[in-house]
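K.L.:
here's a sequence, model it:
(2 chains)
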Protein chains: 2
Amino acid sequence: MTPESAMLRDTLSANLGDAVTYDRDVMSAFHRDQSRLTAAGQPAALVRARSVQDVVTTMTSAYAQGIPVVARGAGTGLAGAANALDGCIVLSLEAMNRILDIDPHSRTATVQSGVLNGALAAAASKVGLWYVPDPGSRAISTIGGNVATNAGGSCCAKYGVTGDHVARIKAVMADGRIIHTGANTRKNVAGLNLTQLLVGSEGTLGVIVEATVRLRVQPNAASTVVASFAEPSEAIAAVLEITRESDPCLVEIMDRTTISAVDELTHMGLDTHAGALLLVQCDGRDAANEAELCAQACNAAGATEVYATDDRVEGDEFMHARRMVLPALERLGGTLLDDLAVPVDKLPAMLTAIERTARSHEVLIGTFGHAADGNLHPTIIFDDNSPDETRRARCAFDDMVLACLDLGGSISGEHGIGVLKLPHLEAMVGTVERDIMARIKKALDPKDILNPGRAI
Amino acid sequence: MTPESAMLRDTLSANLGDAVTYDRDVMSAFHRDQSRLTAAGQPAALVRARSVQDVVTTMTSAYAQGIPVVARGAGTGLAGAANALDGCIVLSLEAMNRILDIDPHSRTATVQSGVLNGALAAAASKVGLWYVPDPGSRAISTIGGNVATNAGGSCCAKYGVTGDHVARIKAVMADGRIIHTGANTRKNVAGLNLTQLLVGSEGTLGVIVEATVRLRVQPNAASTVVASFAEPSEAIAAVLEITRESDPCLVEIMDRTTISAVDELTHMGLDTHAGALLLVQCDGRDAANEAELCAQACNAAGATEVYATDDRVEGDEFMHARRMVLPALERLGGTLLDDLAVPVDKLPAMLTAIERTARSHEVLIGTFGHAADGNLHPTIIFDDNSPDETRRARCAFDDMVLACLDLGGSISGEHGIGVLKLPHLEAMVGTVERDIMARIKKALDPKDILNPGRAI
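P.N.:
Numbers count the residues shown, from 1 in each chain, chains lettered A, B, ... in the order given. The predicted structure follows:
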């Protein structure tokens, strides 16, 4: 042990007691997120914060000694933003899992960072309210992590991403000071928008300890349309028409590889000859009529099969198929999940680029995603015990990112930059823009201890 | 003329030609916005930028010589953020009024800063699309100004404020460098959210020269409900119930003073005995049913009169009454327009505080606003030739701000901080929060030349 790390241990142990550990075995469960092909270092300490004060204590100690801090929720991230750095403090917020307040008048909930998305949704539901953001990880991911990565999901088509539902954030800054952003009102233009600056900042500007999020009244109806198409381009034509006529809450697409994988797993009888499948849901008081318009749009775009239902249970079964996509693809091998967004009318070109990539690197790619947002998850299937397959997977991954940039897209629609996408960030945002981001980072974290080298 | 100002003139004239003037008469039309009781200085120069390059030239010169720059759109602001500072360059963006692109597929428009809100709305409408944000000034205010102040409006109840519709911003930074924030996609989490940092920054972080905004498909129906109540608290009870059951696009409230003033001006036959009037509109395919629910909620809350109509022309007539509020109040004397937001269930307490303020300072206050957002505009009527009345108006103004803070509200829902609300900013956002804002300002504008001393 170096004198520095001995000093760190002394300070942390004296002030945090049981909340801190240096046990390598315990720490190993907290040293990386669920991303693939990302490096993770060996932390010096793990703090499992029980309170805002624990976070303040951790940051104050880290600041005094210039030790990097990697904050994490449940570790379900897919870009490596929560991977440990050598010699860092891993700061877990999982134990801060109290729902502090649900206010039915203002329709807001205030929660600690470690509250699971699903737990908040369930608590809101008990008072007739709805926490909308629905990342695929919602059963196991935390609100703090969702906010720190600006997590997306399926409902974004109508309701926007996590950040669109965040009203206030309480965060501990690099030097241990606490800030509380935003206001308790629906409208507020006092000062700079620190809330949306922290949303998606991946632990680089402050440690999010509480969030106040907006809730909605749960819509009382949902209608579902499932349509098969011979060609993906026909499915996208349908998407463009659907979003012109209706306001669906979900427009998901699966390609041939994905449909087959899901059908093999679920035996649902999906049309495995189709080139693409669309799953559309409409909610609200006019759901049935809107869904009818969506079905018409699918037919007009040349769908080979269109099925519509106003039955919620049946709709949930189709949603189950969608949720089985990743487990189904994971049965085929290791998976490297990408996350790219393009303007919706560029989706056919992006899908073509994905096919070309799969051919040129001889890898299997299953693609699915949030079609109405132009947000695709091409998933490379590879044998991660094979260095050659792993190398080709990484090459294919980078090629798709470059193709997305060529189409005027974004290198991440909802998973974040972390370490996985960092090499592509500057090409995406621009050199001056990245410098501006770095200046903000430096202004708020002058010692560069908050998740250094990540996200920006 | 000082040697410094002679040098400034030389630089500006050499590079900007006709776009720059030093004529005091011309400059006097650009030296303040529409706020009351705010100071304005004497500018050294007025640049009427014709292009991004003109803005770059202006900022480069100002940066080299450390001259403050006050950017402005149409000068319709209500907080003094666009008021000139002594010796500053006033940088008008009004002549940059080209709509650069309207993309029907991605449903976005890219415009120069000087494009009028109403001009963009009209152009979008020609291709069947809708630019939603509708500040009261929309016929005469610019998109750049709307974005820089994060302007609100009536439609916010359902559709959010200006910032919620901004996808990208092109801005010239203090040192003359150009940044282009955001992405051309609906979802994007690459790097920090510079877009929402610039929204509402009131010219303190960069000069907004272009914005890409989201458009929607215009809803094909609108239904209107007008309801009178004996007591304002009954009207608020109705608002709470209305927003639980429906998603109205507009929920406006007027108090007794405002109803009478509007009726005297328009002779519309409004119920001048009422203590409060609600104007509610629902849009979209289910508008009529939603409006019916709103009418029921008004009746249940004790409305003395409820009138509902699905006729758009008739609905527009009621909207006309709402738009006549300010002209009607201005007929009664000078007006000092406040802009406060509280949690919706705190509106009765805020209205009581406003009444108490009017009594204690012996001033007339007419109150109207966006009830579903808890955003009120108590408007103090006073004789601005009388120093005593002016003093009492200012005291009443400050008292209402303090009452709003006591109720957990925001000191500005949509007009901004400028200079008018700056004395109250720190009480609102907190000391550490304001320091964080100041650090960001310093990081992006180290010479403090962009609208120094305003907004933050």
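
K.L.:
in what helix or strand does the residue nearest to residue A:284 when sequence neighbours are not counted lie?
P.N.:
Distances taken as CB to CB, 6 or more residues apart in numbering or on different chains put residue A:219 closest to residue A:284, at 4.5 Å, once the chain neighbours are dropped. Just so you know, the C-beta spots here come from the backbone N, C-alpha and C atoms, and that holds for glycine as well. Assigned by DSSP states H and E, residue A:219 belongs to neither a helix nor a strand.

K.L.:
the helices in the stretch 251-400 of chain A, which residues?
P.N.:
Per DSSP state H, counting those that start in this stretch, the stretch 251-400 of chain A carries helices over the ranges A:256-266, A:287-300, A:312-323, A:325-330, A:347-361, A:387-406.

K.L.:
got these as CSV, with mean pLDDT columns?
P.N.:
Formatted as CSV, those follow (pLDDT from 0 to 100):
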stretch, mean pLDDT
helix A:256-266, 96
helix A:287-300, 97
helix A:312-323, 92
helix A:325-330, 96
helix A:347-361, 98
helix A:387-406, 97
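
K.L.:
doesn't residue A:102 lie inside a helix?
P.N.:
No. Residue A:102 is assigned strand when assessed by DSSP: H, G, I helix; E, B strand; the rest coil, not a helix.

K.L.:
which strand residues bridge it?
P.N.:
residue A:109 (DSSP bridges).

K.L.:
can you get me a residue count around it?
P.N.:
Number of residues near residue A:102 (other CB atoms under 10 Å in any protein chain shown) recorded here: 19.

K.L.:
same check on residue A:399?
P.N.:
17.

K.L.:
ok, and the closest non-adjacent residue to it?
P.N.:
Excluding its sequence neighbours, the residue lying closest to residue A:399 (CB to CB, 6+ apart) is residue A:357, at 4.7 Å.

K.L.:
do the same with residue A:138
P.N.:
Residue A:138's closest residue in space is residue A:117 (CB to CB, 6+ apart), at 4.1 Å.

K.L.:
the one you found is in contact with residue A:132, isn't it?
P.N.:
No. Residue A:117 lies out of contact with residue A:132 (CB atoms under 8 Å); the separation is 10.4 Å.

K.L.:
quick one: name the residues of the stretch 151-300 of chain A near chain B.
P.N.:
A:152, A:156, A:161, A:163-164, A:173, A:177-181, A:183-194, A:196-197, A:199-201, A:205, A:217, A:240, A:244-245, A:284-286, A:289-290 (CB under 8 Å from any CB of the partner chain).

K.L.:
burial count for residue A:221?
P.N.:
That count, for residue A:221 with other CB under 10 Å as the rule, works out to 15.

K.L.:
any idea how far the closest residue in space to residue A:377 that isn't next to it in sequence lies from residue B:187?
P.N.:
Leaving aside its chain neighbours, residue A:377 sits nearest to residue A:369 (4.8 Å; criterion: CB to CB, 6+ apart). Per CB to CB, to the nearest Å, residue A:369 is found 10 Å from residue B:187.

K.L.:
comparing residue A:117 and residue A:132, which shows the higher neighbour count?
P.N.:
Each of residue A:117 and residue A:132 has its neighbours counted (other CB under 10 Å); residue A:117 has more, 27 against 23.

K.L.:
residue contacts, the more buried one?
P.N.:
Applying CB atoms under 8 Å, 6 or more residues apart in numbering or on different chains, we find residue A:117 in contact with A:131, A:133-135, A:137-139, A:141-143, A:146.

K.L.:
which ones among those are found in helices?
P.N.:
Taking DSSP state H, the ones among the contacts of residue A:117 that sit in helices are A:143, A:146.

K.L.:
out of the contacts of residue A:117, which are buried?
P.N.:
Buried subset of the contacts of residue A:117 (neighbour count, 16 or more other CB atoms under 10 Å in any protein chain shown): A:131, A:133-135, A:137-138, A:141-143, A:146.

K.L.:
those into JSON lines, with extra columns for pLDDT?
P.N.:
Compiled in JSON lines, those are given as follows (pLDDT from 0 to 100):
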{"residue": "A:131", "pLDDT": "98"}
{"residue": "A:133", "pLDDT": "97"}
{"residue": "A:134", "pLDDT": "95"}
{"residue": "A:135", "pLDDT": "96"}
{"residue": "A:137", "pLDDT": "95"}
{"residue": "A:138", "pLDDT": "94"}
{"residue": "A:141", "pLDDT": "98"}
{"residue": "A:142", "pLDDT": "98"}
{"residue": "A:143", "pLDDT": "98"}
{"residue": "A:146", "pLDDT": "98"}
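
K.L.:
tell me which element the closest residue to residue A:394 other than its chain neighbours falls in.
P.N.:
Leaving aside its sequence neighbours, residue A:394 sits nearest to residue A:37 (CB to CB, 6+ apart; 5.9 Å). Of the helices and strands defined by DSSP H and E, none includes residue A:37.

K.L.:
for the one 5 residues further on, same thing?
P.N.:
Following DSSP H and E, one finds residue A:42 outside all helices and strands.

K.L.:
measure the residue nearest to it when sequence neighbours are not counted to chain B for me?
P.N.:
Nearest non-adjacent residue to residue A:42, counting by CB to CB, 6+ apart: residue A:86, 5.4 Å away. Counting by CB to the nearest CB, to the nearest Å, the gap from residue A:86 to chain B is 25 Å.

K.L.:
can you report how many residues neighbour residue A:86?
P.N.:
11.

K.L.:
equivalent analysis for the one 4 residues further on, please.
P.N.:
When neighbours are counted by other CB under 10 Å, residue A:90 registers 26.

K.L.:
and the helix or strand where it lies, what does it pack against?
P.N.:
If you go by DSSP H and E, residue A:90 is part of strand A:89-92. Packing partners of strand A:89-92 (3 or more CB pairs under 8 Å, 6 or more residues apart in numbering or on different chains; DSSP states H and E): strand A:45-48, helix A:52-65, strand A:69-72.

K.L.:
out of these, deepest packed?
P.N.:
Highest mean neighbour count of the helices and strands packed on strand A:89-92: strand A:69-72, a mean of 29 (counted as mean count of other CB atoms under 10 Å in any protein chain shown).

K.L.:
how far does it sit from the chain's center?
P.N.:
Chain-centre distance of strand A:69-72: 17 Å, with CA atoms, centre = their mean, to the nearest Å.

K.L.:
what lies in contact with that strand?
P.N.:
Counting by CB under 8 Å, 6+ apart, A:30, A:33, A:43, A:58-59, A:62, A:82-85, A:88-94, A:144-145, A:148, A:203, A:207-208, A:449-451 sit against strand A:69-72.

K.L.:
again, only this time at 7 Å
P.N.:
With CB atoms under 7 Å, 6 or more residues apart in numbering or on different chains as the test, strand A:69-72 has contacts from A:30, A:58-59, A:62, A:82, A:84-85, A:88-93, A:203, A:207, A:449-451.

K.L.:
what subset of those residues is buried?
P.N.:
Buried members of those, scored by 16+ other CB under 10 Å, are A:30, A:58-59, A:62, A:82, A:84-85, A:88-93, A:203, A:207, A:449-451.

K.L.:
measure residue A:126 to residue A:140 for me?
P.N.:
Taken as CB to CB, the span from residue A:126 to residue A:140 is 20 Å.

K.L.:
I should have written residue A:437 there, sorry.
P.N.:
Distance from residue A:437 to residue A:140, by CB to CB: 30 Å.

K.L.:
who has more neighbours, the two?
P.N.:
residue A:437 (24 against 15).

K.L.:
angle of the host helix or strand of the more buried one against helix B:431-444?
P.N.:
In this structure, residue A:437 is located in helix A:431-444 according to DSSP H and E. Orientation check (axes from the mean of the first three to the mean of the last three CA atoms, to 10 degrees): helix A:431-444 against helix B:431-444 gives 140 degrees.

K.L.:
got the CA positions of helix A:431-444 in PDB?
P.N.:
Output of helix A:431-444 as PDB, limited to C-alpha atoms (Å, rounded to 0.1, in the frame of the first residue of the first chain):
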ATOM      1  CA  THR A 431     -13.700  20.300 -31.800                       C
ATOM      2  CA  VAL A 432     -14.800  23.700 -30.400                       C
ATOM      3  CA  GLU A 433     -17.900  22.100 -28.900                       C
ATOM      4  CA  ARG A 434     -15.800  19.500 -27.100                       C
ATOM      5  CA  ASP A 435     -13.500  22.200 -25.800                       C
ATOM      6  CA  ILE A 436     -16.500  24.100 -24.400                       C
ATOM      7  CA  MET A 437     -17.600  20.900 -22.700                       C
ATOM      8  CA  ALA A 438     -14.100  20.400 -21.300                       C
ATOM      9  CA  ARG A 439     -14.100  24.000 -20.000                       C
ATOM     10  CA  ILE A 440     -17.400  23.400 -18.200                       C
ATOM     11  CA  LYS A 441     -15.900  20.200 -16.700                       C
ATOM     12  CA  LYS A 442     -12.800  22.000 -15.600                       C
ATOM     13  CA  ALA A 443     -14.900  24.800 -14.000                       C
ATOM     14  CA  LEU A 444     -17.000  22.400 -12.000                       C
END
